[in-house]
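> What follows is a protein structure lacking sequence information:
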């Protein structure tokens, strides 16, 4: 059974930082791409960052480039999203995704609120 469990969300002031974690079980991250997505209040889902399993190439949304960093620790089967210089417009539920030829799996999300 595949499970993705996000953690690390919370309330942070503008300019602050948070690190989200996603514990993945049931798939080997050596062979599955990973990504972080978000859904802000009243808006559609937006891709934030993704990492290929084949060559580790990474892509970021323009809105987070230079501020967010995606990474993974394969030994722990854990994915991270380091978020710096947070802005109120980063407020959203953040979801972890693991996808590949044989499936597409999502976590339930963790809420990030950026507010003073």
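Thanks, I have it. Just so you know, these numbers come straight off a predicted model, no measurement behind them.
> Near residue 103, how many other residues are there?
11 (other CB atoms under 10 Å). No exception for glycine: its C-beta is placed from N, CA and C like everyone else's.
> if I pick it, what's in contact with it?
2, 27 (CB atoms under 8 Å, 6 or more residues apart in numbering).
> and the residue nearest in space to the middle of the chain, bridged to which residues?
In the chain, the centroid-proximal residue (CA atoms, centre = their mean) is residue 36; its distance is 2.9 Å. The partner list for residue 36 in beta bridges (DSSP bridges) reads residue 49, residue 96.
> Tell me the confidence at it?
Residue 36 carries a pLDDT value of 98.
> correct me, but it touches residue 98?
No. Contact criterion CB atoms under 8 Å: residue 36 and residue 98 do not qualify, at 10.9 Å.
> overlap in contacts of the two?
With CB under 8 Å, 6+ apart as the test, residue 36 and residue 98 both reach residue 79.
> ok, now which ones touch the closest residue to residue 50 other than its chain neighbours?
In space, and not counting its chain neighbours, residue 50 is closest to residue 35: 3.6 Å by CB to CB, 6 or more residues apart in numbering. If a contact means CB under 8 Å, 6+ apart, then residue 35 has 47-51, 70, 96-99 as its contacts.
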